[in-house]
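Visitor: Have a look at this fold, sequence not included:
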């Protein structure tokens, strides 16, 4: 009886988070959602903006990132580009200082502090009304800044999240996977219900007065910053799918796995920082957080419990089939690591591979967090030297 209970509860949690919740949130967005129109703001009324880039050892991409930032479509004199350096040991600082004559401001922290501490120190020295936070390895659509900032004409808006498009490092083509499109779909639905969960570090903007200083050991700042702002000030978080940034997929699977493990550790860490989100008055935000994030973070535990609960029930026909199905699923996921081709069956198998890899990374992240093995200081994810080849603005 206990094994059956564990089997059905674990299976239900996985099925709800990945299959049932997307259907529910879609219909909830259709019936109760609201899609606000982006305000049209004339140039004379656009506020001052700082594009803040935190960087550690990004010598291979930082020049291209700055050039992209300086070419954004925003009124002259109202957009400041600031690069906050976190203990760089390569030529990043030297390269950035070459742009000071073009108005780029450098905030150099010679000692390594971690991204959260770097952001805290940098934002404390900024005066612009709106901050656009971005990464060194991304490239923004030329109109992205104008689109993000115009939303702040509505005083209820505190954070605006743009859309990240993943590109192939060799061709520059859009390589958004089925899973990435699935996640984007959920963001769109949650945004209409006022329940957008965090942002993407590649492209988001925040009202400076809404920023809540981070704890120095914060691991996933782009998740914590928007939610802390919303929980502390009650502001809205808006999603603009037309404010676009591009980023290359990592060159090696190991690099992507390490990034996901770090995110997993940060996810469990954030539970302590975001305690107010569990208050029933948070409504849609609480429902989305539990359904889209919390249950997924514990999905590795549910999957393990599901498998272990099936073993003692294997002498019963249904559960024997369930065990065979699980073994086949994980076998195909392993096979997807070396499966070529871009047809639908191959893509579906690689989706299984991503699902299993993601959950394994979450398990590693939980272990790192539980035993204090994950530090706040981040390491750059290895990519090719150019991060915007093939992009058109």
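Guide: It's in. This structure is a prediction, so every number in the text was calculated from the model and none was measured.

Visitor: Can you mark which positions in whichever strand or helix holds residue 256 are buried?
Guide: Secondary structure from DSSP states H and E places residue 256 in helix 253-273. Buried residues in helix 253-273, defined by neighbour count with 16 or more other Cβ atoms under 10 Å: 255-258, 260-270, 273. C-beta: built from backbone N, CA, C; applies to glycine.

Visitor: what sits up against whichever helix or strand comes after it?
Guide: Next helix or strand after helix 253-273 toward the C-terminus (DSSP H and E): helix 284-288. For helix 284-288, the surrounding residues in contact (Cβ atoms under 8 Å, 6 or more residues apart in numbering) are 25, 28, 190, 193, 194, 195, 197, 230, 277, 278, 279, 280.

Visitor: tell me the mean pLDDT over helix 284-288?
Guide: Mean pLDDT, helix 284-288: 97.

Visitor: swap in stretch 178-191?
Guide: The model assigns stretch 178-191 a mean pLDDT of 89.

Visitor: From the chain's centroid, how far away is it?
Guide: 12 Å (Cα atoms, centre = their mean, to the nearest Å).

Visitor: can you check stretch 155-163 too?
Guide: 15 Å.

Visitor: Any chance you could list what contacts that stretch?
Guide: Under Cβ under 8 Å, 6+ apart, the answer for stretch 155-163 is 144, 147-149, 151-152, 184, 187, 191, 196, 198-200, 202-207, 210, 225-226, 229-230, 233, 235-245.

Visitor: which of the residues you listed are buried?
Guide: 144, 147-149, 151-152, 184, 187, 191, 196, 198-200, 202-207, 210, 225-226, 229-230, 233, 235-240, 243-245.

Visitor: from those residues, which ones fall inside strands?
Guide: 204, 205, 206, 207, 236, 237, 238, 239, 240, 243, 244, 245 (DSSP state E).

Visitor: Throw these into JSON lines and include pLDDT and distance to residue 95, thanks.
Guide: Shown next, in JSON lines, are those (pLDDT from 0 to 100; distance: Cβ to Cβ, whole Å):
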{"residue": "204", "pLDDT": "97", "distance to residue 95": "25"}
{"residue": "205", "pLDDT": "97", "distance to residue 95": "25"}
{"residue": "206", "pLDDT": "98", "distance to residue 95": "27"}
{"residue": "207", "pLDDT": "97", "distance to residue 95": "31"}
{"residue": "236", "pLDDT": "95", "distance to residue 95": "37"}
{"residue": "237", "pLDDT": "96", "distance to residue 95": "34"}
{"residue": "238", "pLDDT": "96", "distance to residue 95": "34"}
{"residue": "239", "pLDDT": "95", "distance to residue 95": "33"}
{"residue": "240", "pLDDT": "95", "distance to residue 95": "31"}
{"residue": "243", "pLDDT": "95", "distance to residue 95": "27"}
{"residue": "244", "pLDDT": "94", "distance to residue 95": "25"}
{"residue": "245", "pLDDT": "94", "distance to residue 95": "21"}
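
Visitor: Name the nearest of those residues relative to residue 96.
Guide: residue 245 (19.6 Å; Cβ to Cβ).

Visitor: Which residue is the nearest non-sequential neighbour of the closest one?
Guide: residue 203 (3.7 Å; Cβ to Cβ, 6 or more residues apart in numbering).

Visitor: pretty sure the one you found is touching residue 144, no?
Guide: Yes - the pair residue 203 / residue 144 is scored as a contact, 6.3 Å apart, by Cβ atoms under 8 Å.

Visitor: List the residues that are in contact with both of those two.
Guide: 162, 243, 244, 245.

Visitor: Same list, those, but as JSON lines with distance to residue 340 please.
Guide: Listed next are these as JSON lines, based on distance: Cβ to Cβ, whole Å:
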{"residue": "162", "distance to residue 340": "33"}
{"residue": "243", "distance to residue 340": "35"}
{"residue": "244", "distance to residue 340": "30"}
{"residue": "245", "distance to residue 340": "30"}
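
Visitor: which residues touch the residue of the chain most remote from its centre?
Guide: For the chain, the largest distance from the centre (Cα atoms, centre = their mean) belongs to residue 315, which lies 43.5 Å off. Going by Cβ under 8 Å, 6+ apart, residue 315 touches no other residue.

Visitor: all strands in this protein, in order from the N-terminus.
Guide: With DSSP E, the ranges of strands along the chain come out as 49-55, 79-86, 105-109, 130-135, 138-140, 157-167, 204-207, 236-248.

Visitor: Which one, of those, ends up nearest to residue 35?
Guide: Here strand 236-248 is closest among those (Cβ to Cβ), at 9.7 Å.

Visitor: helices and strands around the closest one, which ones?
Guide: strand 138-140, helix 144-150, strand 157-167, helix 178-192, helix 221-233 (3 or more Cβ pairs under 8 Å, 6 or more residues apart in numbering; DSSP states H and E).

Visitor: can we see that at 6 Å?
Guide: strand 138-140, helix 144-150, strand 157-167 (3 or more Cβ pairs under 6 Å, 6 or more residues apart in numbering; DSSP states H and E).

Visitor: could these go into JSON lines alongside distance to residue 48?
Guide: What follows is those, written out as JSON lines (distance: least, Cβ to Cβ, whole Å):
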{"stretch": "strand 138-140", "distance to residue 48": "18"}
{"stretch": "helix 144-150", "distance to residue 48": "10"}
{"stretch": "strand 157-167", "distance to residue 48": "16"}
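
Visitor: Determine which stretch of these is the most buried.
Guide: Of all those, strand 138-140 has the most neighbours on average by mean count of other Cβ atoms under 10 Å, namely a mean of 25.

Visitor: helices or strands up against it?
Guide: Partner elements for strand 138-140 (3+ Cβ pairs under 6 Å, 6+ apart): strand 236-248.

Visitor: Can you give the distance from the strand it packs on to the centre of its chain?
Guide: 11 Å.

Visitor: next one: stretch 139-148
Guide: Worked out by Cα atoms, centre = their mean, stretch 139-148 lies 18 Å from the chain centre.
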